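> Next input, structure requested:
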Amino acid sequence: MDSTHVAPEPAAQQQSAPTKPGLRGVGVPLLVAGVGIGIGVLLHVRDPHVDGSYGVCPVYALTGWWCPGCGGMRAVHNLTDGHLLDAVHSNLLAIPLVLAFVLWVSDWTLRAWRGQRMRLPSISRTTMWTFFALLTVYTVLRNTPWGTWFTPV
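Purely as a prediction, here's the structure:
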C-alpha cells in the first residue's frame with residue numbers, strides 16, 4: 001500500500017456565464033422597480049393615516065409598543081406628499097431604507113443592462129450587531145416619554 005499523500009488539485013473557479021445584456025436582461029430589475037413604485041403610488045393614494053386603512057400592527061395590538069416598523073407606511077405616504085419632516089417623524093428608518101432600495105435597484109438595473117450579475121448587499125458582523133443595537137435603542141426610546149418625537153404621527 002502506498003503511503004504517499006497527494007494534495008487535491010484546486011477546484012477550478014466557476015466562471016458564471018454573463019446574463020443577457022441590454023433590454024432582455026433588465027426585465028426582472030424593472031419589474032422589482034415597478035413593484036416599488038406601485039407600492040409608493042398605493043401609499044400615496046390610500047392614506048395610511050386613517051385608522052384601520054391597512055389593518056393594525058400586530059406588535060402594537062398585542063403589546064401597545066411601537067415596533068421599529070410602525071409608521072413606515074405613513075412615512076412613505078408623507079414622502080410622496082413631499083413632507084420630509086413628517087416622514088422623519090413617522091418613522092426615522094423609512095427614508096434610509098427607501099433610499100437604499102432605490103440605489104440597490106438602480107445598481108441592479110445598470111449591471112443587468114451591461115450583462116453582469118446582480119450584486120447582493122453585504123455587511124460585516126460588527127456592522128450588523130451595531131445596527132441591531134441601534135434598532136433596539138430606537139425601539140425602546142420611541143416607547144418612552146423621552147422619545148415621543150419618534151412615535152408615528
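
> for D86, what are its contacts?
A75, N78, V153 (Cβ atoms under 8 Å, 6 or more residues apart in numbering). C-beta here means a position set from N, CA and C on the backbone, and glycine is covered the same way.

> Which of those residues sits closest to W66?
V153 (11.5 Å; Cβ to Cβ).

> The closest one touches R74, doesn't it?
Yes. Using Cβ atoms under 8 Å, V153 is in contact with R74, at 6.9 Å.

> so what's in contact with the two at the same time?
Joint contacts of V153 and R74 (Cβ under 8 Å, 6+ apart) are H49, S90.

> These two - which one has more neighbours?
Neighbour count, other Cβ atoms under 10 Å: between V153 and R74, R74 has more, with 22 against 14.

> State the mean pLDDT of stretch 77-84.
Here stretch 77-84 scores 93 as its mean pLDDT.

> What is the nearest of the contacts of D86 to T144?
T144 lies nearest to V153 out of those, by Cβ to Cβ, at 17.1 Å.

> Could I get the contacting residues of the closest one?
H49, G71, R74, D86, H89, S90.

> For the residue most central in space within the chain, which residues are in contact?
Among the residues of the chain, the one closest to the centroid is L97, at 4.8 Å (Cα atoms, centre = their mean). Listed by Cβ under 8 Å, 6+ apart, the contact set of L97 reads G72.

> Kindly report the same for A94.
G71, G72, A75, V76, L79, A87.

> what's the closest non-adjacent residue to the first one?
Excluding the flanking residues, the one nearest G71 by Cβ to Cβ, 6 or more residues apart in numbering is P152, at 2.8 Å.

> Just confirm C67 contacts N91, I think it does.
No. Using Cβ under 8 Å as the test, C67 is too far from N91 to be in contact (10.1 Å).

> the more surrounded of the two?
N91 (26 against 15).

> buried ones in stretch 93-103?
Neighbour counts over stretch 93-103 (16 or more other Cβ atoms under 10 Å) mark L93, A94, I95, V98 as buried.

> between those residues, which is nearest W104?
V98 (10.8 Å).

> where's the closest one, which helix or strand?
Assigning secondary structure by DSSP states H and E places V98 in helix 94-113.

> Name all residues that make contact with V98.
Applying Cβ under 8 Å, 6+ apart, we find V98 in contact with V76, L79.

> Against R114, how distant is it?
25 Å (Cβ to Cβ, to the nearest Å).
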